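1. below are the sequence and a predicted model for it; my questions follow.
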Amino acid sequence: MIHHTVFFTLSHPIGSPQEASFMEQARTLTQIPAVTHFEILKQISPKCDYTYGISMIFTTQAELDDYTSHPLHTAFVQNHWIPNVTDFQEIDYTPLSHDRGRNDALICAAPPSEPCVRISRTRLSGQCFTPLRRLFSSSL
C-alpha cells in the first residue's frame with residue numbers, strides 16, 4: 001500500500017471561484033484506475049505554510065507509476081497544477097510494517113524532543129514489556 005500525498009498552496013485566494021475550479025478539476029483524478037481513498041484536505045495547523053492537500057492510496061508501485069503517466073493526470077498537471085500552484089511538497093510513503101516485512105511498531109510515548117522507540121511484536125513480552133509498561137503508565 002502506498003499513500004500518495006501532496007501538500008500545496010494555490011495562487012488564488014481561499015473561497016475564490018478559481019480555487020473552486022481547481023478543486024473541481026482535482027476531483028477528476030478519481031477517474032484514473034487504481035486511485036482509492038481520494039481526499040482533498042484543508043490544512044489547519046499554524047505550523048505549516050501549505051494550505052491544502054490531496055491524498056490517495058495505491059496498492060502497488062506499478063499502480064502509482066501508471067497514475068503518474070496517465071493522460072488525465074498529465075493533463076491536470078499541465079493545465080491546472082502548474083498555472084495555479086505556487087508551492088508544494090509531494091510525499092509517497094508506505095506503512096512501516098510493509099517496509100520491514102514484519103510487525104514493527106513505532107512507539108512515541110516520550111516528549112517530542114526524545115527519540116521514538118521501535119519494537120517488534122515479539123519484544124512485547126518478557127523483559128522488554130515491563131519498561132514499556134512503566135513508560136506508558138508514566139506518560140498517561
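-> Sure, I can see it.
2. what about the helices in this protein?
-> For the chain, applying DSSP state H gives helices covering 17-27, 61-69, 71-76, 82-84, 96-100, 129-139.
3. run through who's touching the shortest one.
-> This points to helix 82-84. Leu10, Ser11, His12, Gln18, Phe22 (C-beta atoms under 8 Å, 6 or more residues apart in numbering). All C-beta spots, glycine's among them, are computed from the backbone N, C-alpha and C.
4. could you rerun that using 10 Å?
-> Identification of contacts with helix 82-84 by C-beta atoms under 10 Å, 6 or more residues apart in numbering yields Phe8, Thr9, Leu10, Ser11, His12, Gln18, Glu19, Ser21, Phe22, Gln25, Ala26, Phe76.
5. contacting residues for the closest residue to the fourth one other than its chain neighbours?
-> When you say that, I think you mean Ser11. If the residues on either side of it in the chain are set aside, Ser11 comes closest to Thr86, at 4.9 Å by C-beta to C-beta, 6 or more residues apart in numbering. With contacts defined as C-beta under 10 Å, 6+ apart, Thr86 is in contact with Phe8, Thr9, Leu10, Ser11, His12, Tyr50, Thr51.
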